[in-house]
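S.K.: Sequence and predicted structure are below.
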Amino acid sequence: MPALWIAHVTVTDDVAYGKYAALAGPAIAKHGGAFIARGGRYVQLEGKERPRNVVARFPSVEAAEACYHSVEYQAALEHARGASERELLIVETTE
């Protein structure tokens, strides 16, 4: 079953986070992920507001989790740590 990688982010250092984004995109694509929402317009209805919201579609929960733990994504993540506050989850779709 396909899965969605959903990130809610507040960027605190644009330069460092830009380095993360430049590396994260190729790592996500390498693992079969494709962005379906990336920082676009949103409406916060409940919970903690994060001004950057990203959704990527993966072939499976396992593919998304493998991406997260990959050497490439972990290298990207080093730039996001300390440059953002974020929540990230993977959820299986019903398709």
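M.R.: That came through fine. Predicted model, so just to flag it, every value in this text is computed and none were measured. Numbering: from 1, shown residues only.
S.K.: contacts, neighbours, all on C-alpha from now
M.R.: Fine.
S.K.: list the helices and strands the longest helix seen in the chain packs on?
M.R.: Of all the segments assigned as helix in the chain under DSSP state H, the longest by residue count is helix 14-30. The helices and strands touching helix 14-30, judged by 3 or more CA pairs under 8 Å, 6 or more residues apart in numbering; DSSP states H and E, are helix 71-80.
S.K.: what comes up buried for the helix it packs on?
M.R.: Of the residues in helix 71-80, those with enough neighbours to count as buried (16 or more other CA atoms under 10 Å) are 72-74, 76-77, 79-80.
S.K.: Format these as CSV; extra columns: pLDDT and distance to residue 48.
M.R.: Compiled in CSV, the buried residues of helix 71-80 are given as follows (pLDDT from 0 to 100; distance: CA to CA, whole Å):
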residue, pLDDT, distance to residue 48
72, 97, 29
73, 97, 25
74, 97, 25
76, 97, 24
77, 96, 22
79, 97, 23
80, 95, 19
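S.K.: so where's the chain shaky on pLDDT?
M.R.: For the chain, applying pLDDT under 70 flags no range at all.
S.K.: residues near residue 36, how many?
M.R.: In terms of burial, residue 36 registers 11 neighbours under the definition other CA atoms under 10 Å.
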